[in-house]
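Asker: what would the 3D arrangement of this be:
(chains A, B, C and D)
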2 protein chains.
Amino acid sequence: MPLSALTSSDPEPLAEALRPLLLRVSRRLRQEAQKAGVSALDALILGQIKRAPGVGVCDLADAEKLSRPTMSSHVKRLEAAGWVARADHVDDGRRSGLRVTPAGEARLEEIRKLRNDWLSVRLARLSPDGRDQLAQAALPLLQLLSLDA
Amino acid sequence: MPLSALTSSDPEPLAEALRPLLLRVSRRLRQEAQKAGVSALDALILGQIKRAPGVGVCDLADAEKLSRPTMSSHVKRLEAAGWVARADHVDDGRRSGLRVTPAGEARLEEIRKLRNDWLSVRLARLSPDGRDQLAQAALPLLQLLSLDA
DNA sequence: TCTTATAGTTAGGTCGTCTAACTATCTTTA
DNA sequence: TAAAGATAGTTAGACGACCTAACTATAAGA
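Answerer: You can find the predicted model right below:
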C-alpha cells in the first residue's frame, strides 16, 4: 500500500498507514523532549491549567483521558516543583482549585524555548507543500480526539 | 492561534499546534491497543522483520531509533512468544539473523484484526475531507521521520 | 440520618525506555 | 600474528508514564 494510493473513501488502509507513523513520530517527540530535559506532559498540563484556572484534578484527568491517580501524581509533581498551586474551594471541600504560579508561567515559557526542537527543525526542512499538508491535517486530528467517547 | 491560521510559511506555530495533537493521538492509540490486548510495538517490529528477513537486533534498533538494549529485550520477548526465530549468521558469529515464524505471521494478522479499532472507527466517523487531509499528511510525516539524523 | 455519589490519594504493578558495563566475535594494524 | 579496536548483542538496574484496586473525605439526596 503506497502512501500515494491512500484515498478518503476507505478508512482501513488509512488507519494502517497512519498508525505506525503517528507512533514513531510521537516516540521521537518524547525522546527529544526528554533529551532537552522537558516533559512534554508538563507543558500539556500546565497549558490546560493556565487555560482554565481553578480546574480540578479530575477535570484534567477527564480532559486528557488519563486516570485520576495518574493525573493526581502529575499535578503533585508540578506542585512540588512550585509551578502549580492549589486552593481549597470555598463551597466544596473536596475540590482543589488549581492555578499556574508565576514560576509555572516562567517554566512554560522556558519549555517553549528549550524545545526549539526536533519537530520545528524538521518541519523547517520540509517543503512548503509538506508543511501545508501537515497544517491541513491539524483540524481532522483534533476532531479525531474530540470524537472520543 | 486558531488552527485555521496555520500557514506553511512559519514552522514554529505549526510545531506548537501539532505537538500536543500528536502526543494525545498516539497516547489514545496506545491506550486502546493495550485495552485490546495488543502491543502496537509488536506489530511494528514484526512488520520490520517480515520486510527484511535476516535482519539483526542492532539494525532494528537503529531503524526504529531505539537503544540496542531496548530492541534486544523486545526481540527476546517476541522470540519467547514463538513469533520470531533467530539463526546464527554463517560468516559472522556475532549477528543474529531474525525472521518471523508462521506463528508470528498469524499473530500479525490477528493483531490487524483485533485492533479494528479506535483509529479506524474514528477515521470512519470523520468527514471524507478530513480523511483526505489526513491521507495527504502521511507523506510529510514519513519525511519527517526519514529526515532524522 | 443513612446512603450514595464525587474529588482526590495511596499502594503496587506493567510497559517502554534509557545508560553503563559486560561478553563474544570480527577486523585492522604494528 | 598478536594486540588493539570496532561491532553485535546481552545483563543489570533505573526511570517515567501509565494502570487498577482500595482507600479517605466531603457533599448531596432519600
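Asker: is any part of stretch A:110-125 close to DNA strand C?
Answerer: No - no part of stretch A:110-125 sits near DNA strand C under the criterion CB under 7 Å from any atom of the strand; the closest distance found is 12.9 Å. All C-beta spots, glycine's among them, are computed from the backbone N, C-alpha and C.
Asker: that stretch near chain B anywhere?
Answerer: Yes - against chain B, stretch A:110-125 shows contacts by CB under 8 Å from any CB of the partner chain at A:Arg112, A:Asp117, A:Leu119, A:Ser120, A:Arg122, A:Leu123, A:Ala124, A:Arg125.
Asker: one more: stretch A:130-143?
Answerer: Yes - remark: stretch A:130-143 sits within contact range of chain B at A:130-143, by CB under 8 Å from any CB.
Asker: alpha carbons of that stretch, as CSV, please.
Answerer: Taking C-alpha atoms only, stretch A:130-143 is exported to CSV below (Å, rounded to 0.1, in the frame of the first residue of the first chain):
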residue,chain,number,x,y,z
GLY,A,130,4.7,19.3,3.1
ARG,A,131,4.2,21.8,5.9
ASP,A,132,1.0,22.9,4.3
GLN,A,133,-0.3,19.4,4.2
LEU,A,134,0.5,18.9,7.9
ALA,A,135,-1.2,22.2,8.7
GLN,A,136,-4.3,20.9,6.9
ALA,A,137,-4.2,17.7,9.0
ALA,A,138,-4.3,19.6,12.3
LEU,A,139,-8.1,20.1,12.3
PRO,A,140,-9.0,16.4,11.5
LEU,A,141,-6.5,15.3,14.2
LEU,A,142,-8.3,17.5,16.7
GLN,A,143,-11.7,16.1,15.5
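Asker: list the buried residues for that stretch?
Answerer: Taking 16 or more other CB atoms under 10 Å in any protein chain shown as the neighbour-count basis, stretch A:130-143 is seen to contain the buried residues A:130-142.
Asker: closest to A:Arg30 among these?
Answerer: Using CB to CB, A:Leu141 is the member of the buried residues of stretch A:130-143 that lies nearest A:Arg30, at 17.3 Å.
Asker: returning to what we had before: now, which of the buried residues of stretch A:130-143 lie within helices?
Answerer: With DSSP state H as the criterion, helices contain A:130-142 from among the buried residues of stretch A:130-143.
Asker: out of the buried residues of stretch A:130-143, who's near DNA strand C?
Answerer: Of the entries in those, none also sits close to DNA strand C under the rule CB under 7 Å from any atom of the strand.
Asker: now those in a markdown table, with pLDDT?
Answerer: Listed next are the buried residues of stretch A:130-143 as a markdown table, based on pLDDT from 0 to 100:
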| residue | pLDDT |
| --- | --- |
| A:Gly130 | 94 |
| A:Arg131 | 94 |
| A:Asp132 | 94 |
| A:Gln133 | 95 |
| A:Leu134 | 96 |
| A:Ala135 | 95 |
| A:Gln136 | 95 |
| A:Ala137 | 95 |
| A:Ala138 | 96 |
| A:Leu139 | 95 |
| A:Pro140 | 96 |
| A:Leu141 | 95 |
| A:Leu142 | 95 |
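Asker: C-terminal to the longest helix along chain A, what's the next element?
Answerer: Residue-count comparison of every helix in chain A, with assignments taken from DSSP H, identifies helix A:11-35 as the longest. Moving toward the C-terminus from helix A:11-35, the first helix or strand encountered (DSSP states H and E) is helix A:40-51.
Asker: any residue of the helix or strand just after that next one touching DNA strand C?
Answerer: Of the helices and strands lying after helix A:40-51 in sequence (DSSP H and E), the nearest is helix A:57-64. Yes - in this structure, helix A:57-64 sits against DNA strand C according to CB under 7 Å from any atom of the strand; the contacting residues are A:Val57, A:Cys58, A:Asp59.
Asker: for the residues you listed, which one is nearest A:Glu32?
Answerer: Out of these, the member with the shortest distance to A:Glu32 (by CB to CB) is A:Val57, at 28.5 Å.
Asker: distance to B:Asp10 added to the buried residues of stretch A:130-143, as JSON lines?
Answerer: Converted to JSON lines, the buried residues of stretch A:130-143 look like this (distance: CB to CB, whole Å):
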{"residue": "A:Gly130", "distance to B:Asp10": "14"}
{"residue": "A:Arg131", "distance to B:Asp10": "9"}
{"residue": "A:Asp132", "distance to B:Asp10": "11"}
{"residue": "A:Gln133", "distance to B:Asp10": "15"}
{"residue": "A:Leu134", "distance to B:Asp10": "12"}
{"residue": "A:Ala135", "distance to B:Asp10": "10"}
{"residue": "A:Gln136", "distance to B:Asp10": "15"}
{"residue": "A:Ala137", "distance to B:Asp10": "16"}
{"residue": "A:Ala138", "distance to B:Asp10": "14"}
{"residue": "A:Leu139", "distance to B:Asp10": "17"}
{"residue": "A:Pro140", "distance to B:Asp10": "21"}
{"residue": "A:Leu141", "distance to B:Asp10": "19"}
{"residue": "A:Leu142", "distance to B:Asp10": "19"}
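Asker: sweet, I'm off.
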